[in-house]
Structure formats: C-alpha cells, structure tokens
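Asks: below is the sequence, then the predicted model.
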Amino acid sequence: MDYNKKDEVYSKVVRAGKRTYFFDVKATKGRDLYITMTESKKTFVDGKEFYQKHKIFLYKEDFEKFSDGLLDVVEKIAELNATGEYKTETYQHEEITSEEVSFDDL
C-alpha cells in the first residue's frame, strides 16, 4: 500500500457506454477504509462536451449490508429476466455467490 499517495488505496474503472464508473478504496487519516463510487456520464450542452458526476460514499460499517443488498437485487434481476417479461440482450448475469462478494479484507 502506498501511504504517500494521499488517501487512495485501490481503484477500479468500469466503462459502460456513455457512462464510466469509478470504484475507489480510500483510507482516512486514522487508516479506516471506505469506498467511493462515482458515476461519470458524458453529456453535451450547446454542442460542448461535459461530464456529470454523481458520487456515493460507503463506510466500513455498511460494507456487508451494502454487499448483501447489491447481491440480492442482482439475483432478483436474473430471476426476473428468466421470466421472459424483460429485455435481457444487454445484460448477462453471471452467478455470483455471497462468498465472492466480501468486504472482510478491507
């Protein structure tokens, strides 16, 4: 871990069409870890390119509950897609288990 690089510990960038998602693990001065999730969306205003950004902060005491909630909705989406009532061509669900989504190491 590079402690000289401000508070950033790890970053993951996910590009998805006009949107880019940034998942950043950061540390407080007291060395507590937290996550910031940023959505950056390219837009045009009067022919000029702009990026709208929305940021969420997720603190260590909420990691497990957030992970459980996210896993639950991803599984529900897969279940709903399997009914054939919803569009599925742009979303391919891969089986995710709660063991794969863990914040215990943070």
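Replies: Yep, it's here. Residues are numbered from 1 along each chain as shown.

Asks: what about the residue in the chain sticking out farthest from the centre, distance to residue 52?
Replies: Going by C-alpha atoms, centre = their mean, the residue of the chain most distant from its centre is residue 46, 30.5 Å out. Remark: distance between residue 46 and residue 52 (C-beta to C-beta, to the nearest Å) = 15 Å. C-betas here are computed from N, CA, C, even on glycine.

Asks: same thing with residue 88?
Replies: Distance from residue 88 to residue 52, by C-beta to C-beta: 27 Å.

Asks: comparing those two, which residue is more hemmed in?
Replies: residue 88 (15 against 11; other C-beta atoms under 10 Å).

Asks: confirm that one sits in a helix?
Replies: No. Judged by DSSP: H, G, I helix; E, B strand; the rest coil, residue 88 forms no part of a helix; its state is coil.

Asks: which SS class is the residue nearest to it when sequence neighbours are not counted?
Replies: Nearest residue to residue 88, sequence neighbours excluded (C-beta to C-beta, 6 or more residues apart in numbering): residue 81, at 4.4 Å. Here residue 81 is recorded as helix under three-state DSSP.
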